[in-house]
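Peer 1: have a look; sequence and predicted model below, questions after that.
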Amino acid sequence: MRQAAAVCVLAFVLASAVACGGGGSSSGQPSGSIKVTMTDFKFDPAQISVPHGKVVFFLVNASSGQLQHDLVIRDGTGNRVAGSELLSAGDTNVFTVDNIAAGTYTYYCSQPGHEASGMKGTLTVT
């Protein structure tokens, strides 16, 4: 009888974990973040304007194939300011830049040939 009760409790705990997502990371877009969709050699949107300070991006790799992408921010002198992790097709990621100063930046995918194929955009920080 005791074993049956333990099995019932275990089943309830497992069912609850599945219903709540099982403790994995959320795949939803955080409130206040900027969604950037990465497809085959393109960012959407290609122009982003944000206030200076902390900026949170919600990155979605919606490539049709197996292409991996990232988002790297570079300043007007060509210096790398920040960069996300590499995302496989179908993955999402929250990428935070803690303190970005006012100015105009380029964001691009650092994978070989991607920027040259048009995978870049303009980030304006006010």
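Peer 2: Yep, that arrived.
Peer 1: now the strands: where do they sit in this structure?
Peer 2: 34-39, 42-44, 47-50, 53-61, 72-74, 80-83, 92-100, 103-108, 120-125 (DSSP state E).
Peer 1: could the ones you listed go into a markdown table alongside distance to H114 and mean pLDDT?
Peer 2: (Glycine included, C-beta is placed from N, CA and C.) As requested, the strands of the chain are exported to a markdown table (distance: least, C-beta to C-beta, whole Å; pLDDT from 0 to 100):
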| stretch | distance to H114 | mean pLDDT |
| --- | --- | --- |
| strand 34-39 | 9 | 97 |
| strand 42-44 | 10 | 97 |
| strand 47-50 | 18 | 98 |
| strand 53-61 | 12 | 97 |
| strand 72-74 | 10 | 98 |
| strand 80-83 | 13 | 97 |
| strand 92-100 | 17 | 96 |
| strand 103-108 | 7 | 98 |
| strand 120-125 | 8 | 98 |
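Peer 1: save these as TSV, and put in mean neighbour count too.
Peer 2: Putting these into TSV (neighbours: other C-beta atoms under 10 Å) gives the following:
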stretch	mean neighbour count
strand 34-39	18
strand 42-44	17
strand 47-50	14
strand 53-61	19
strand 72-74	19
strand 80-83	15
strand 92-100	15
strand 103-108	18
strand 120-125	18
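Peer 1: how about those in a markdown table, adding distance to G28?
Peer 2: As requested, the strands of the chain are exported to a markdown table (distance: least, C-beta to C-beta, whole Å):
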| stretch | distance to G28 |
| --- | --- |
| strand 34-39 | 11 |
| strand 42-44 | 18 |
| strand 47-50 | 20 |
| strand 53-61 | 9 |
| strand 72-74 | 24 |
| strand 80-83 | 23 |
| strand 92-100 | 9 |
| strand 103-108 | 23 |
| strand 120-125 | 23 |
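Peer 1: can you pull the contacts of T104?
Peer 2: When contacts are counted by C-beta atoms under 8 Å, 6 or more residues apart in numbering, T104 touches G76, T122, L123, T124, V125.
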